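*Asks:* okay, here's the prediction I keep looking at, along with the sequence it came from:
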Amino acid sequence: MIYGNKMISRAQMKLKVFEYIEIWYNRKRKYSALNYATIIEFTNQINYKNIAYINVQFLFKYPIDGMLFLPR
């Protein structure tokens, strides 16, 4: 019994436990290997860094209003 719901079979119980661990718990858990961030937080950080890198590369290639961006 999980939260007052009777399970019909062992297969259903395995599915519910799998869903809890893989879908809910692992997404909320903070990982020490990711500097104590959740998987979603870590992924967002990586995506923002990639977007910033792509934007900077784009500005070097296509300057805005004749402005030239040079690396320091």
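*Replies:* Sure thing, it's come through.
*Asks:* quick one: terminal-to-terminal distance for stretch 33-43?
*Replies:* 13 Å (CA to CA, to the nearest Å).
*Asks:* tell me the buried residues in that stretch?
*Replies:* For stretch 33-43, burial by neighbour count (16 or more other CB atoms under 10 Å) applies to residue 42. Backbone N, C-alpha and C define where each C-beta goes, glycine included.
*Asks:* quick one: contacts of that stretch?
*Replies:* Contact with stretch 33-43 is made by 26-31, 45, as judged by CB atoms under 8 Å, 6 or more residues apart in numbering.
*Asks:* swap the cut-off to 6 Å and go again
*Replies:* Residues outside stretch 33-43 that contact it (CB atoms under 6 Å, 6 or more residues apart in numbering): residue 30.
*Asks:* give the phi and psi angles for the closest residue to residue 29 other than its chain neighbours, as a check.
*Replies:* Nearest residue to residue 29, sequence neighbours excluded (CB to CB, 6 or more residues apart in numbering): residue 38, at 6.7 Å. Main-chain dihedrals, residue 38, degrees, to the nearest 10: phi -80, psi 170.
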